Each structure stands twice: as structure tokens, then as C-alpha cells.
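The sequence and its predicted three-dimensional model are supplied below.
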Amino acid sequence: MQSVHSTTTRSPRAPRRRFLNAMLGTALAVGLGMAGAVPASVQAAEIRVVTSGGFSAAYDQLIPLYEQATGHKVVTERGASMGNAPDSIPSRFARNEQFDIVILADSGLEALIAQGKVQQGSRVDLARSMIGMSVRKGTPKPDISTVDALKKTLLDAKSIAYSASASGVYLSTELFPRLGVAEQIKDKATKIFSERVGAVVLRGDAEIGFQQVSELLPFKELEFVGPLPDEVQQRVFFSAGVAAGSANPEAARHLIRFLSASAAAPIIRSTGMEPATAR
């Protein structure tokens with residue numbers, strides 16, 4: 001896997017140009033039978049998508065290219081993969097909000113499939129993400145390169161922010177107890193709902209912040225410290241599925257094929273994620 005650090009300095013323009021050229025020749029042909037062609041039955045469709053933050057950085061680059069190439073309109077809502085915040089994806093489905101595609105952490109998608117909210121057999125893995133940490137620029141850069149260093153950083157930090165979604169669930173229920181720091185940090189560690197952790201750190205409301213790397217890197221005003229050590233890292237697949245009752249299931253499958261095509265890999269990689277096609 002490419003070093004996460006190298007992605008912070010690479011311009012997205014070159015991969016975008018390579019992607020656009022490859023897309024017109026191959027990506028839209030995946031599973032369709034004709035290079036670059038879109039079936040007449042899905043012309044000018046409106047595709048409703050709800051996506052969690054982990055895949056958003058890549059999604060926000062890919063969707064305009066898809067709309068440009070197909071004439072489709074993609075309407076996007078956003079929410080956490082897990083939790084009961086009003087805008088979380090589980091809460092949206094509990095209210096019976098209507099979507100064609102859902103993109104979120106794989107465990108969250110499997111839960112929706114089990115509930116009958118997402119079509120069986122429609123899951124497609126898009127990318128794999130890691131958890132990282134950021135601080136404000138100009139502040140000390142703590143060491144998290146080893147498990148012992150990470151533990152010391154957690155204990156020394158004045159305040160800690162972590163996501164209420166997949167990464168934060170892992171940190172609070174598995175990693176912090178495993179490191180033996182859960183009790184010591186419980187009064188200074190805050191679970192963040194309906195907002196990116198980077199925004200909380202940027203405001204100075206937390207000294208250090210943990211979230212999916214792809215959600216931290218867009219905050220250029222922050223210093224990305226690095227990913228968690230391999231021994232305690234959680235690698236999560238962000239996956240797409242077709243919502244049960246989708247008004248445009250063919251268009252939904254078409255867009256998912258586009259997002260998962262090998263030609264999308266350069267853009268996905270530039271956001272700090274590993275494309276699923278690289279497995």
C-alpha cells in the first residue's frame with residue numbers, strides 16, 4: 001500500500017486527468033458491454049446517494065466527472081456510518097428516507113442489508129481506510145509511531161476528539177480499553193457527532209483528533225501526524241449498496257460500477273485510501 005504521507009503532497013490534478021481519459025474509454029464500460037456508453041434506459045436519471053464521511057473526499061471528485069460523462073444528476077446526503085445522531089445513515093433509514101445508493105463502512109452496510117434496507121447481493125467494496133491523528137499547525141506534534149508512544153500521547157493530551165462513527169466506535173470500545181487508558185482519558189475524550197473531527201481540532205476545542213485518514217487530510221490547516229501503528233490499526237472497507245425500494249436501481253448499479261472501476265483508483269488513492277481494486 002502506498003504511504004499515506006506521500007498522498008498529502010501529491011496534486012490531485014494529474015490523477016484526475018489520467019482518470020478522465022481512462023474513464024471515457026473504460027470505466028463506464030465496466031459491465032455495460034460498450035466502451036463509454038450508457039444504456040438508454042438510464043439516460044438523464046436522478047440518483048439519490050447517502051454517503052458517510054470516509055469516502056467523501058474521493059466521492060466529491062468522482063461524482064462531477066460521472067455527471068459530466070453521463071448527463072445524470074446525483075443528489076447527495078451525508079451522515080455517519082453508525083450511531084443515532086439525527087443525520088446518521090442508520091437514523092435516516094429508520095425514518096424511511098429514500099435513496100438509491102448508500103455508501104458507508106462495511107459493517108454498517110451489512111447491518112442495513114440484514115434489516116432489509118439494502119438489497120442482498122448488491123454490496124461492492126470501493127476503498128479501504130485507516131484511522132489517523134491530526135493536530136493544529138504550530139502546536140507540538142505528538143509521537144504515535146509505536147503503541148507505547150500512542151498510549152503516552154493519549155495520556156498526556158489535554159483533550160481528545162474522536163468520531164461517533166466507525167473509527168470512533170473502534171477507538172472507544174476496543175482500542176482505548178486494550179491500551180488500558182479508557183478510564184484515565186474518559187473525562188477529556190469527546191465523541192463528535194454530525195461534524196468532522198478536523199473541524200473540532202481546528203477550532204481549538206480538542207488538542208488531538210482521530211478519524212479516518214481520508215476525513216482528516218482535507219483539513220490543510222491541520223498537521224496530519226500519521227496513521228495509528230499497524231499493531232492497533234483498524235482497516236475498514238467503505239462499500240456501496242443499492243437501497244431497497246430504489247427508484248432507479250439500474251442507474252444506481254451503473255454509478256456503483258463507475259466508483260469501483262480500476263480507473264477510479266488514482267483519485268481514491270490521492271485521498272489517503274486504498275482502492276478496493278488494489279487488493
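Looks like it arrived, so ask away.

Could you list the buried residues of stretch 197-206?
Residues V197, G198, V200, V201, L202, A206 are the ones in stretch 197-206 that count as buried (16 or more other Cβ atoms under 10 Å). In short, each C-beta sits where N, CA and C put it, glycine included.

The third one: which element?
It refers to V200. Using DSSP states H and E, V200 sits within helix 197-203.

Could you export that helix as PDB, CA atoms only?
The C-alpha coordinates for helix 197-203 follow below in PDB (Å, rounded to 0.1, in the frame of the first residue of the first chain):
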ATOM      1  CA  VAL A 197     -13.200  15.800  13.900                       C
ATOM      2  CA  GLY A 198     -10.800  18.000  12.000                       C
ATOM      3  CA  ALA A 199     -13.200  21.000  12.400                       C
ATOM      4  CA  VAL A 200     -13.200  20.500  16.200                       C
ATOM      5  CA  VAL A 201      -9.400  20.400  16.300                       C
ATOM      6  CA  LEU A 202      -9.100  23.400  14.000                       C
ATOM      7  CA  ARG A 203     -11.300  25.500  16.400                       C
END
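
what packs against that helix?
strand 131-136, strand 160-163, strand 208-212, helix 213-216, strand 222-227 (3 or more Cβ pairs under 8 Å, 6 or more residues apart in numbering; DSSP states H and E).

Any idea which of the ones you listed gets closest to E274?
E274 lies closest, by Cβ to Cβ, to one member of the helices and strands packed on helix 197-203: helix 213-216, at 10.1 Å.

State the pLDDT value of A263.
A263 carries a pLDDT value of 89.

Can you check what angle separates the helix ranked longest in the chain from strand 208-212?
Secondary structure assigned by DSSP state H gives helix 56-70 as the longest helix of the chain. Our comparison of helix 56-70 with strand 208-212, counting by axes from the mean of the first three to the mean of the last three Cα atoms, to 10 degrees, yields an angle of 40 degrees.

Just the buried positions in the helix or strand containing E183, please.
Element membership for E183 (DSSP H and E) is helix 182-185. Across helix 182-185, burial judged by 16+ other Cβ under 10 Å covers A182, I185.
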